[in-house]
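Novice: Okay, here's the prediction I keep looking at, along with the sequence it came from:
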Amino acid sequence: MLYRTDLKSGNKLSIIGFGCMRFPRNVTQIDLNRTEQIIVKAIQEGVNYFDTAYSYSGSEDTLGAILAKNKLRNKIFIATKLPLGKCRMYDDFELLFQTQLKRLQTDYIDYYLMHNISDIHSWQRLCDLGIEKWIQGKKESGQIRQIGFSFHGIYNEFIKLLDAYDWDFCQIQYNYLNINYQAGAAGLKKAAGKGLSVMIMEPLLGGKLATGLPAKAVDILKTANSALTPAAWALRWLWNQKEVTVAISGMNEMSQLAENITTAQNAVPDMLTTTEIGTIESVLRSIETAYKIPCTGCNYCLPCPHNVNIPACFTAYNASHIVGKISGFHLYVTSVGLLNPHKNLAASNCKACGACEKKCPQHIAVIKSLKKVSKRMEPFWLRVALNVYMKLTGFK
């Protein structure tokens, strides 16, 4: 296993992290035995960064039980997340945190994140509740070692968040299909330039870059190097960038773990040849030909006077056609903030003012395209499901 150094703490972190949101399941319940086998094997192979969250159903309890049973807590770094929707007053921070410590059967968290911050408003709301004071106390006591945030929003908001607090690390969605999506490549470099470790979520876009690529894209990769799987190409592309600290993969099969371990063994910055980089660019071009809306994610159309995250809307819409509706809906909900009660950036907010169309270098019919996005990505059933979710979880 290869490791990269977290400059703020000096910790040596495995370049492949274990995402704990997708543990093996028996219908609805986590399969404890299978999960234990994979986790123990991963640690034996040198994986030492495990990412979970309060809101990942059963995940913290399962991870905590397995680590305690096998006496492995001191072998790894645990990353978990504060559920912002449940924070309504100062005392909630401590109540939620103590619940997480109990679930994880530990007395400290190595990497603690503000979960799913999409804009500076979300952080300011926490500050108004006293989060900075609470974090300071936890860091002084050693109960929280490193503090960070996971991000789903537009680049400009990401930059504001980077400057709003003395963070130790951050977590962004990033892969070769999302170069200009959310924080993107520019955000990755900006965060690393400030000395933050950057953890990558969705390195395989929920598995779509492993098993869901169009046939033409798969053929390009096979022709270039038949020994590498599509998943290996995607991970190697990430690890080629020195700014990437950890790529978090949700492994729920031994075969996935084995492949990722093998791929990680020789993954160093600047390892890709010019030809290999060209191969990924060819894959991107082949995928882009299938785009329904030819948006390049340049962000020239922003800011929208009516708070529409236009590039994110188009990215999710295109993804829904290329890699499937479920992945598209997931991208849409998280990137436009449909769960944000303070401000969402959905296509349905468009007032057809036309400000965006004057600035688009691709001359996209933005207004017409946003109507298509709203019709496909905001169906009635999705709105109902989100409302039910917010009521059940107390998300406010």
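Specialist: Cool, got the structure.
Novice: what does the domain assignment say about the chain?
Specialist: The record assigns the chain these domain ranges, following automatic domain parsing: 3-279, 310-393.
Novice: among those, which gets the worst mean confidence?
Specialist: Comparing mean pLDDT over these, the weakest stretch is domain 310-393, at a mean of 83.
Novice: the helices in the stretch 1-150 of the chain, which residues?
Specialist: With DSSP state H, counting those that start in this stretch as the definition, the stretch 1-150 of the chain shows helices at residue ranges 32-44, 59-69, 90-104, 120-129, 131-141.
Novice: Just name the most buried of those.
Specialist: Ranked by average neighbour count under the criterion mean count of other Cβ atoms under 10 Å, the helices of the stretch 1-150 of the chain are headed by helix 59-69 at a mean of 20. Where you see a C-beta, it was placed from the backbone N, CA and C, and this is true even at glycine.
Novice: helices or strands up against that helix?
Specialist: Secondary structure elements in contact with helix 59-69, counted by 3 or more Cβ pairs under 8 Å, 6 or more residues apart in numbering; DSSP states H and E, are helix 32-44, helix 90-104.
Novice: Looking at the domains of the chain, spot the one closest to residue 304.
Specialist: Comparing the domains of the chain by their distance to residue 304 (Cβ to Cβ), the top pick is domain 310-393, with 6.0 Å.
Novice: gap between that closest one and the chain center?
Specialist: Here the centre of domain 310-393 is set off from its chain's centre by 18 Å, with Cα atoms, centre = their mean, to the nearest Å.
Novice: again with stretch 196-207
Specialist: 5 Å.
Novice: same thing with stretch 123-131?
Specialist: Centre-to-centre, stretch 123-131 and its host chain are 23 Å apart (Cα atoms, centre = their mean).
Novice: One more: stretch 78-95?
Specialist: Taking the mean C-alpha point of stretch 78-95 and that of its whole chain, the gap between them comes to 19 Å (Cα atoms, centre = their mean).
Novice: List of residues touching stretch 365-379?
Specialist: 292-293, 301, 308, 310, 313-314, 316-317, 320, 328-329, 332, 338, 346-348, 350, 352, 354, 356-357, 360 (Cβ atoms under 8 Å, 6 or more residues apart in numbering).
Novice: Turn the helices and strands packed on helix 59-69 into CSV, including distance to residue 114.
Specialist: Supplementary listing: the helices and strands packed on helix 59-69 in CSV, determined by distance: least, Cβ to Cβ, whole Å:
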stretch, distance to residue 114
helix 32-44, 25
helix 90-104, 11
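Novice: Need the phi and psi values for residue 183.
Specialist: The phi/psi pair for residue 183 (degrees, to the nearest 10) reads phi -70, psi -40.
Novice: Quick one: neighbours of it, just the number.
Specialist: Around residue 183 sit 28 other residues, with neighbours defined as other Cβ atoms under 10 Å.
Novice: do the same with the one 3 residues further on
Specialist: Applying the criterion other Cβ under 10 Å, we find 14 residues in the vicinity of residue 186.
Novice: The strand or helix carrying it: how far from the chain's middle?
Specialist: Counting by DSSP states H and E, the element that carries residue 186 is helix 184-193. Counting by Cα atoms, centre = their mean, helix 184-193 is centred 14 Å from the centre of its parent chain.
Novice: who's in contact with that helix?
Specialist: Under Cβ under 8 Å, 6+ apart, the answer for helix 184-193 is 151, 155, 158-159, 162, 170, 172, 174, 178-180, 183, 198, 241-244, 297.
Novice: Break down the stretch 201-350 of the chain into its strands, ranges please.
Specialist: Chain-ordered strands for the stretch 201-350 of the chain, with DSSP state E, counting those that start in this stretch as the definition, fall at 246-249.
Novice: can you give me the helices for it?
Specialist: With DSSP H, counting those that start in this stretch applied, the stretch 201-350 of the chain shows helices at 208-211, 215-224, 230-239, 254-264, 274-288, 310-322, 325-336, listed in chain order.
Novice: who touches the shortest one?
Specialist: Residues from elsewhere that reach helix 208-211 (Cβ under 8 Å, 6+ apart): 175-177, 203-204, 229-231, 234, 319, 323-324, 327.
Novice: And the domains of the chain: which comes nearest residue 286?
Specialist: Each of those was scored for nearness to residue 286 using Cβ to Cβ, and the closest is domain 3-279 (4.7 Å).
Novice: Distance from the chain centre to the closest one, please.
Specialist: For domain 3-279, the distance to the chain centre is 7 Å (Cα atoms, centre = their mean).
Novice: and that domain, how far apart are its ends?
Specialist: 26 Å (Cα to Cα, to the nearest Å).
Novice: any idea how far residue 132 is from residue 101?
Specialist: The spacing between residue 132 and residue 101, counted by Cβ to Cβ, to the nearest Å, is 21 Å.
Novice: now residue 296
Specialist: Distance of residue 296 to residue 101, given as Cβ to Cβ: 45 Å.
Novice: Quick check, residue 68 in contact with residue 74.
Specialist: No: proximity of residue 68 to residue 74 does not meet the contact threshold set by Cβ atoms under 8 Å, at 11.4 Å.
Novice: Kind regards, and thank you for your time.
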